[in-house]
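K.L.:
Provide a 3D model corresponding to the input given below.
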Amino acid sequence: MTSQDAVTGTAAPSAIALDSSLWNRQSPVFVAVVTFLPWLVAMLALSGVQSALAFLEYAVLVTAAGYSVVSVLASAARRNALLLAPAVGIVLVSSVVALGLRLGVRIAWAPAEWCVLALAGLPGLWRDRRLWLERAVPMGAWLGLLSILICGLYFVPAARRDAIRRHDGSFNWIYVDTQFFYAVSAELKTGILPLRMPGTYEDVMHYHFAPYVPAAVLARTTGISLGDAFARVTRGASYFALVLSTFALGVLLARLATGTALGGFLAVVGLFFYGSMGSLFTDAPSSSGYVTGALLHKIQALDVAADGGPFAQLILGHSMLHGLIAVTVALGLCLALGREAGQGAHGQWVLLLVPALAVPMNSVAALVCLGGVTILLFADRWKSGRAWLQCVGMTAVFFVAWRVMGYSHAGDLLGGMLDLQPYRNLGTLAMEVAVGLGFRLMALRWARFPPRGPVAVLMLLGSCGLVTFFLALSLDGNERYGAYFLQALFSIFAFAQLKPGFWRGEERARWTGAWLRLAVSLLAILGVGGVALGAAVSFAHVHTDIPYFSVRLAIVLGLLVALGGLTWMHHRGGSKQRLSSVVVMAVLAVGFLGWITPWLNYGMGRARRDVSLTPGEVQGLLRLRAASLPGEVFATNKHAVDSLVSQRERSYGYDALAERPVLLEGYLDHGVTREPGFGMLLRNNDMMFTTTDPDTVRRLAESYHVRWLVARPGTDVALPRPLPQWLHEEPNTGSLKVYEIAPEVSKDGDE
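P.N.:
Coordinates of the predicted model:
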């Protein structure tokens, strides 16, 4: 099959045979509806009719908005990019509003912006209606069944417990970070500019908040609760869009690699269900909760990079969910253009804006998008002056968006530095190659050397870049996103290469032989390097600083011997080849159990990481919201989350439920403690609750524009009774003590 066939969708004879079955020849409308229905049913069951209608409206809106981008592509590219429309729309409606907020455009204008984007896509949808109704999408019905499975396993367990008010009046989040993201949505919902970081009114928001813009807008405009908008409506739409965009990207890769479309379906399977077999033998230590140990048997030396996959991030609806939407959109649109990209394809200019639109979605994903689009669009045109001008223009727009979002002032980035001892992570990287990637090693088959074609260059440079990001940077733990994106992209690129009947006879022998060659080569490099490092440190009488160095080296060498034996059997042919291929396939299939551990820990609550507010706290915060005006600042002595194992000063629940700016609540996340004057801010904040001098309280409150004091359960302000006349206790505040600080009145009667 030629590259041009891959772009236009003209299938090779084997692909035509595959598409001839009834369940494979379905229209994009059918596929989108079948894929969408499980999420709509789940929304009805979890949140009721009003949220389900909001979910339906949002899905239609983002699809129409996404088509405003897809419709400007050349005709062949549009045919291959139809199923990318919902994901493109989510990136568009989120990022446009986010950039506008940073430039001073109020969120009240967001519905109008969304309507403009959706209306811009309607003419293209009408023009291409025959494509949506008649074009065949292979494996479409099977994708619908897979969507049911992903909805039931990833979305429903978390949505039942996250950002929800329980029957007893308490409020619960499934993880401390989802509490923070909910607080981001609450900050956006208030509409107050400039945006402030949750947990502290003193810090301007320099965070990729675009994924939480839709929840804030829907809560403002539809009347549904912010919890439903945040944890169910917009998160469910993001899952649905990611399933479709991963499928579309996988189909494009599969047609390039095999001439069939089975790889599109398998790419979704690989992303959501294939991980590290090592996760069955390690626990998940975290400062956010307790875990009862490894699922099978704890072998600490088997720890792999970023827990072997982004499953926890996907279950919780965190950054990887939104980042992967942006990455699959960028790569999918570039591959949809195919060879037309090198010929100045119609609509190519819109792809030059995609990395900039990815910036508000996720900063690391935006860097991946910039690198991916640059390689796929310009790798074959590096001698062209026009290509260089386009590349420079794209990069300039990207960094303008980066500057608008203010990432250069972000606390996480300010604390970042080069890791001067990156070799300490080499042991973890070795375990990633040995037992973490598993079948995903097959993604390296795209990285031929010397590289032939943009996809080979992308895999070669992209792998090196993400590994370097993980090894060489220290970003308060955020360097792990390099490993997350590597694992996720390896899943998509590896499974997209499989052909129909990959588990049978010659085809199984072919890919198992390729996997053995890759695995043995990489393990040999790691083994030789490990032995040399061990000999060097032994001779110098120093320590490697690599945890479990001897055990991990033994694992690598043992696997090298075992795989070397299987490789020898494989090359013997006949029954020995069949036996070796069956053994390899059976061992690699264990990776399909890798998602179970994070699913139990995060989705089913095995690790007990929930963060809850008591009914009395919820009553007090809702009373504060009703009694105060938007923009009125409150101070609280609630900083810690008692359920956390360590780093407990990460509370954002009061800020989130009150929907009012807080002087200081949680402060151990996102580099808040590095801000100038933080120590004095913390001391003055707590002094308002501990001092017995009314004048000190009054002076501090005025200096920070604090109008309300909120004391956590079991505490109170230390001022002697009776209280000063300017301090009024609010009634019906549950277990909280809420006080209003009356403004000082001048002699002329003005406040």
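K.L.:
show me what contacts the residue nearest to Thr597 when sequence neighbours are not counted?
P.N.:
Using C-beta to C-beta, 6 or more residues apart in numbering and skipping residues adjacent in sequence, the residue nearest Thr597 is Ser279, 4.5 Å away. C-beta coordinates here come from the backbone N, C-alpha and C atoms, glycine included. If you count contacts by C-beta atoms under 8 Å, 6 or more residues apart in numbering, Ser279 has them with Leu295, Val304, Asp307, Gly308, Gly309, Gly594, Ile596, Thr597, Pro598.
K.L.:
repeat for Trp349
P.N.:
Trp349 is in contact with Gln390, counting by C-beta under 8 Å, 6+ apart.
K.L.:
can you point me to the longest helix in the protein?
P.N.:
As assigned by DSSP state H, the longest helix anywhere in the chain is helix 505-540.
K.L.:
Past it, which element shows up next along the chain?
P.N.:
Where DSSP states H and E defines the elements, the next helix or strand beyond helix 505-540 is helix 549-572.
K.L.:
For that following helix, the averaged confidence score.
P.N.:
What helix 549-572 shows for mean pLDDT is 92.
K.L.:
With stretch 418-434 instead?
P.N.:
Per-residue pLDDT over stretch 418-434 has a mean of 78.
K.L.:
Show me what it is in contact with.
P.N.:
276, 278, 301-305, 308, 441, 467, 470-474, 479, 483, 522-523, 526, 530, 544-549, 552, 555-556, 559.
K.L.:
Quick check: the gap between Val556 and Ser279.
P.N.:
19 Å (C-beta to C-beta, to the nearest Å).
K.L.:
Over to Phe634?
P.N.:
To Ser279, Phe634 is 42 Å away according to C-beta to C-beta.
K.L.:
ok so, going back, can you lay out the contacts of Ser279 as TSV showing neighbour count?
P.N.:
Putting the contacts of Ser279 into TSV (neighbours: other C-beta atoms under 10 Å) gives the following:
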residue	neighbour count
Leu295	19
Val304	26
Asp307	25
Gly308	31
Gly309	32
Gly594	24
Ile596	18
Thr597	29
Pro598	24
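K.L.:
any idea which of those residues is the one closest to Gly317?
P.N.:
Gly317 lies nearest to Pro598 out of these, by C-beta to C-beta, at 13.2 Å.
K.L.:
Pull the number of nearby residues for the residue nearest to Ser703 when sequence neighbours are not counted.
P.N.:
Distances taken as C-beta to C-beta, 6+ apart place Asn684 nearest to Ser703, at 7.8 Å, with adjacent residues excluded. By other C-beta atoms under 10 Å, 21 other residues sit near Asn684.
K.L.:
did I read that right, Asn684 in a helix?
P.N.:
Yes: assigned with DSSP: H, G, I helix; E, B strand; the rest coil, Asn684 falls within a helix.
K.L.:
hang on, it packs against Glu702?
P.N.:
No: in this structure Asn684 lies outside contact range of Glu702 using C-beta atoms under 8 Å: 11.7 Å.
K.L.:
Could you pull up the residues touching the closest residue to Gly603 other than its chain neighbours?
P.N.:
Once flanking residues are discounted, Gly603 sits nearest to Pro157: 3.8 Å by C-beta to C-beta, 6+ apart. Applying C-beta under 8 Å, 6+ apart, we find Pro157 in contact with Ile315, Trp599, Gly603, Met604.
K.L.:
What's the per-residue pLDDT of the closest residue in space to the last one that isn't next to it in sequence here?
P.N.:
By the measure of C-beta to C-beta, 6+ apart, the closest residue to Met604 outside its immediate chain neighbours is Pro157, 5.9 Å from it. pLDDT for Pro157: 94.
K.L.:
Next, count neighbours for Thr636.
P.N.:
Applying other C-beta under 10 Å, we find 27 residues neighbouring Thr636.
K.L.:
can you tell me which residues contact it?
P.N.:
Tyr654, Val662, Leu663, Leu664, Glu665, Leu709, Val710, Ala711, Arg712.
K.L.:
ok, now with 7 Å
P.N.:
Taking C-beta atoms under 7 Å, 6 or more residues apart in numbering as the criterion, Thr636 is in contact with Tyr654, Val662, Glu665, Val710, Arg712.
K.L.:
Please flag which of those sit within helices.
P.N.:
Secondary structure from DSSP H places Tyr654 of the contacts of Thr636 in helices.
K.L.:
Now, the contacts of Thr636 that are in strands?
P.N.:
Of the contacts of Thr636, the ones assigned to strands by DSSP state E are Val710.
K.L.:
For the contacts of Thr636, which two are the farthest from each other?
P.N.:
Val662 and Arg712 (12.4 Å).
K.L.:
out of these two, which sits in the busier spot?
P.N.:
Neighbours were counted for Val662 and for Arg712 using other C-beta under 10 Å; Val662 has more, 29 against 19.
K.L.:
Please pick the buried ones from the contacts of stretch 418-434.
P.N.:
Buried by 16 or more other C-beta atoms under 10 Å: 276, 278, 301-305, 308, 441, 467, 470-471, 473, 479, 483, 522-523, 526, 530, 544, 546, 548-549, 552, 555-556, 559, out of these.
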